[in-house]
Structure formats: C-alpha cells, structure tokens
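*Asks:* sequence plus the predicted model coming up.
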Amino acid sequence: MAEVVHMIDSEVFLAFSTYATIVVLKMMLMSLMTSYFRLTKQVFSNLEDTALVKTTEDRKKLVRVDPDVERVRRCHLNDLENIVPFVVIGLLYALTGPDLSMALLHFRVFVGSRFIHTVVYMMALPQPTRALAFGVGLFITFSMAYRVLTTALFL
Amino acid sequence: MAEVVHMIDSEVFLAFSTYATIVVLKMMLMSLMTSYFRLTKQVFSNLEDTALVKTTEDRKKLVRVDPDVERVRRCHLNDLENIVPFVVIGLLYALTGPDLSMALLHFRVFVGSRFIHTVVYMMALPQPTRALAFGVGLFITFSMAYRVLTTALFL
Amino acid sequence: MAEVVHMIDSEVFLAFSTYATIVVLKMMLMSLMTSYFRLTKQVFSNLEDTALVKTTEDRKKLVRVDPDVERVRRCHLNDLENIVPFVVIGLLYALTGPDLSMALLHFRVFVGSRFIHTVVYMMALPQPTRALAFGVGLFITFSMAYRVLTTALFL
C-alpha cells in the first residue's frame, strides 16, 4: 500500500465506487420487494402495520408468516452476509493499487454473481445454480482478501 | 472525484465521520436493548443463557420466543439493512466533494429518520409513521447514490 | 483529523486493513459452516435445495428447522451486528491518527474477542463466557467511537 494516497483518485477507486454503489442499491431493492409482497399478500410482522391495507378480515390474522415473504427475507439476509464483506474487503483491495483490468474483473464478476443469485433465489430455479452464484461471489471476495493480506499484512 | 484526496481532510468528511459514528452507535444500542429485554423478561435463544438469571422455573421453558424481544430484533435488523447502505454510499458520497450544506442536510435527515424509526417501532406507534421514517432514510441514500454514480461512474 | 491524508499510508491503516480483513473472513466462514451443517444434517430452508443431497425421505420433510443450524445462524447474525460497527468505526478511528500501539491493542482485542465468541457459541460453553466476549468487543468499538467523536466532531 505504498502509493495508497494516489489510489483514491484512481480509476480503480472510481470503478470500486461504481460497482459498490450498484450492488448496495440492489440490496436495498430487497427491502422494497419485501414491502411489496407484504402489502399485496397482506402479510405483516406487526399488528400496527395491518392499518396499511384495507381488509375485511380480523386484523390480528394478518400478522402471520408467508413462504414468499420469508424467501425474500432470506435472499435479503444472504445479500447482507455477502455484500458487506465485498464492500469492506473491496475498499481495502482498491487501496492496494491492483491492475485496473484485474480490479474490474473482480468487481464485475462479483456484482454479476449477486444479481444472478437474486433472480435464481426469487424464481426458485433448480440447484446448484444458486449455490454456484453464491460460491463465485465468495471466491471473488476471498481473492481480494488474499491480495489485501499479502500486500498490507501488519499484525 | 478529481479532488478526492483533499476531501478526506474536509469538513464534509468530518461531518460524515460524526454522523456515521452516531448512527452506528444507535444501531449497537439495539443489541443492549435486546439483552435488557431477554434478562428482564427471562426469554432466551440458548439453553446455556438461562444461567444468567435466577429462576425457579424449568430452565428449558425459558428458551422461548417473546413478541417484545422479536420486535427489538426486527428493529435491529431493519437498522442493519438501512444503516449499512447509508454508511457505504455516504462514505463514497463524502469523497465526491459535495457542498457542505447539502452534505449536512443529507446526513442530518438520515440520522434523524433512523432515530424516529426506532422510537416509532419500539412504541408501536400507528402507521404510516414508521413507513415514512423508513422511506425518508431510503430516499436520502438514493439521493447520495445518484451523486456518486453521476460523479464517479466507471463501468 | 488534520493529518488524515498521511494516515492512509500509515502503519495504523495497514494494521486496520489486516485485522478488518481477518475478522470479515471469519464472519464469512459462518456461511460455509451453515452450508456444512445443512448438507450433513439434511436441513434446508428451500424445497429446491433438497436436490443437493441424496435422500430416500420425502423431500418436503427436509425443509425444516434444526437447533444446530439455528445456532450457527444466530452466531452469524451476531457477527454481522458487531463486526459491521467495528469495521465502520475502526476505519474512521484509523484515520484519526491514533498511536500505533493503542490502535493495535484495540484491533487485536476486538478480533480476539470475536474468535472467542464464535468458539464459545458453537460449543455452547457456559455463560457468562459468551456475554463477556460480546461485551469486550462492544467496549472496544465504543472506545474507538469515543476517539472519533472527540477528534472529528462536526455536527
């Protein structure tokens, strides 16, 4: 990390900013998808939330668990568990001054793998498609972590 | 992001550091609130945790689900899902060199919206108060992401 | 944060990069541990995932909840709730230019406390061991937040 200061102005850092923002926005869309399913399927976690829809049913019955909503929730949590490590390790990786082409390869493959993961999860496509998408993202993050640790190790 | 290096020393970055720290501390308080409810209501997720309280009941019965504890848990998870994107995109936004007044507006409104969200959630106040607090925070993060992508786009 | 630009090249920042990467990698291992338990115990959240194992049982019965898997999940979520604040506040703390020895003390104790937390949680060792490991990590993050706020406060 000897020339780190110049790195923040670099194309690598711009690329990181772009892909990190895109993949975090994708993660935020899971919140909106959860809200959409909750409102259209009338499935809530809190009694006070049932006031958001018109219903003739007993409102207490709308506080329930629904398999589709739970699927979106699991997909969202999986995003959190994988995108947070990408952002943290990717930021440090960008500061180690990697080749632009290598950095772009890492960022693009990771972001692509998470979009594929979401589509596969939401449509319940057959395994091992989702396991592969998950594994590719994990591998990319490990690869960046390897460069950070070999470049910046200071224990 | 041409003048990014100078930005780290800037008042915008100091403001980001301040508000990011405050809102992350607020998120951490949810852990303590969960512990407080678990101990006072004697509700645990793990059998070994029941040793933390004195009880005459069968300890296995203390491993149970409680609506108040679940409410704190949901509020905490909602914080994670929204504060993590704010911190990531807010950091990149601060590096794009926005006007100090615009940056302060973004940071203050976001942090305010999350404090309101927590109070409204914990007190189960009527909707759409919580939905609005959530939406305002989301909008702020989208607004910062827009600036990051229009300033730093590098695909 | 007056001399912040030089800080990014500093040994403190290298140390932060190292310890943040290590503790985030530890968190990612929880995903792999969950997968391992799901596959060996044949416990799944999604019907399509049951295709990943050979079984003579009715596949629908494999979509179930298992106490060991839930324990790993809780441990993973606890990591997210605590390691994310450490990474955010630790990054800002590293930029305030603390003494190297003080910074190393913070980073090492935090990372150590999270490794201990995971071992204690997975082995269900008696309390208050896990509560202590959790508390030490929390205290370290609060201590770094205190320095960030006293050094960089800009409201």
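*Replies:* Nice, I can see it. Note that the structure is a prediction, hence the values are computed from the model and not measured. Numbers count the residues shown, from 1 in each chain, chains lettered A, B, ... in the order given.

*Asks:* show me where pLDDT drops low in chain A?
*Replies:* For chain A, the stretches flagged by pLDDT under 70 are A:1-9.

*Asks:* now with 50?
*Replies:* A:1-5 (pLDDT under 50).

*Asks:* kindly report the residues of chain A close to chain C.
*Replies:* A:1-2, A:4-5, A:8, A:71, A:74, A:80-82, A:84-85, A:88-89, A:92, A:95, A:124-128, A:130-131, A:134, A:138, A:141-142, A:145, A:148-149, A:152-155 (CB under 8 Å from any CB of the partner chain). From N, CA and C alone the C-beta is placed, and that goes for glycine too.

*Asks:* which of the residues you listed fall within helices?
*Replies:* A:4-5, A:71, A:74, A:80-82, A:84-85, A:88-89, A:92, A:95, A:130-131, A:134, A:138, A:141-142, A:145, A:148-149, A:152 (DSSP state H).

*Asks:* among those residues, the buried ones, what's the PyMOL command?
*Replies:* Applied in PyMOL, the following selects the buried portion of these according to 16 or more other CB atoms under 10 Å in any protein chain shown:
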select buried, chain A and resi 4+5+71+80+81+82+84+85+88+89+92+95+130+134+138+141+145+148+149+152
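
*Asks:* closest point of chain A to chain C, which residue?
*Replies:* A:Phe154 (3.8 Å; CB to the nearest CB).

*Asks:* how about that residue: what's its closest non-neighbour residue?
*Replies:* Spatially, and ignoring its direct neighbours in sequence, A:Phe154 is nearest to C:Leu14 (3.8 Å; CB to CB, 6 or more residues apart in numbering or on different chains).

*Asks:* surely that neighbour meets A:Leu149?
*Replies:* No: using CB atoms under 8 Å, C:Leu14 is not in contact with A:Leu149; the gap is 10.7 Å.

*Asks:* what is the burial count for the residue nearest to A:Phe154?
*Replies:* By the criterion of other CB atoms under 10 Å in any protein chain shown, C:Leu14 has 22 neighbours.

*Asks:* do A:Leu155 as well
*Replies:* Neighbours around A:Leu155, by other CB under 10 Å: 11.

*Asks:* mind naming the longest helix for chain A?
*Replies:* Longest helix in chain A, counting by DSSP H: helix A:11-41.

*Asks:* name the helices or strands packed onto it?
*Replies:* If contacts are counted by 3 or more CB pairs under 8 Å, 6 or more residues apart in numbering or on different chains; DSSP states H and E, helix A:11-41 sits against helix A:67-95, helix A:100-122, helix B:67-95, helix B:129-152.

*Asks:* now that helix, how far from the chain's geometric center?
*Replies:* With CA atoms, centre = their mean, to the nearest Å as the basis, helix A:11-41 stands 7 Å off its chain's centre.

*Asks:* buried stuff in that helix?
*Replies:* A:12-28, A:30-31, A:33-35, A:37-38.

*Asks:* quick one, which of the helices and strands packed on helix A:11-41 is nearest to A:Leu47?
*Replies:* In terms of CB to CB, the element of these nearest to A:Leu47 is helix B:67-95, at 9.4 Å.

*Asks:* near chain A, anything from the closest one?
*Replies:* Yes: shown here: helix B:67-95 in contact with chain A (CB under 8 Å from any CB) through B:Arg71, B:Arg74, B:Leu80, B:Glu81, B:Asn82, B:Val84, B:Pro85, B:Val88, B:Ile89, B:Leu92, B:Leu95.

*Asks:* so which strand or helix has the residue of chain A most remote from its centre?
*Replies:* No residue in chain A has its C-alpha farther from the mean C-alpha position than A:Thr56, which lies at 37.5 Å (CA atoms, centre = their mean). Of the helices and strands defined by DSSP states H and E, none includes A:Thr56.

*Asks:* for it, give me phi and psi.
*Replies:* phi -100, psi -10 (degrees, to the nearest 10).

*Asks:* re earlier: count of residues packed around the residue of chain A closest to chain C?
*Replies:* Neighbour tally, A:Phe154, other CB under 10 Å: 18.

*Asks:* tell me the contacts of it?
*Replies:* By CB atoms under 8 Å, 6 or more residues apart in numbering or on different chains, A:Phe154 lies in contact with C:Glu11, C:Leu14, C:Ala15, C:Ser17, C:Thr18.

*Asks:* same check, this time on A:Val120
*Replies:* A:Thr129, A:Arg130, A:Ala133.

*Asks:* A:Ala131 now?
*Replies:* Per CB under 8 Å, 6+ apart, neighbours of A:Ala131: C:Leu52.

*Asks:* could you measure from it over to A:Leu105?
*Replies:* 22 Å (CB to CB, to the nearest Å).

*Asks:* residues from chain A in reach of chain B?
*Replies:* A:5-6, A:8-9, A:11, A:13-15, A:17-18, A:20-22, A:24-25, A:27-28, A:30-32, A:45-49, A:51-52, A:76, A:80, A:84, A:87.

*Asks:* if you set the cut-off to 7 Å instead, what comes out?
*Replies:* A:5, A:8-9, A:11, A:14-15, A:17-18, A:20-21, A:24-25, A:27-28, A:31, A:45-46, A:48-49, A:51-52, A:76, A:80, A:84, A:87 (CB under 7 Å from any CB of the partner chain).

*Asks:* doesn't B:Ile89 make contact with A:Val24?
*Replies:* Yes: the pair A:Val24 and B:Ile89 qualifies as a contact (CB atoms under 7 Å) at a distance of 6.0 Å.

*Asks:* in chain A, what residue comes closest to chain B?
*Replies:* Taking CB to the nearest CB, chain A has A:Leu14 as its residue nearest chain B, at 3.9 Å.

*Asks:* double-check that residue against B:Thr151; I have them as touching.
*Replies:* No: in this structure A:Leu14 lies outside contact range of B:Thr151 using CB under 7 Å: 9.0 Å.

*Asks:* if we can go back for a sec, of all the helices and strands packed on helix A:11-41, which one is nearest C:Arg114?
*Replies:* Using CB to CB, the nearest of the helices and strands packed on helix A:11-41 to C:Arg114 is helix A:67-95, at 14.0 Å.
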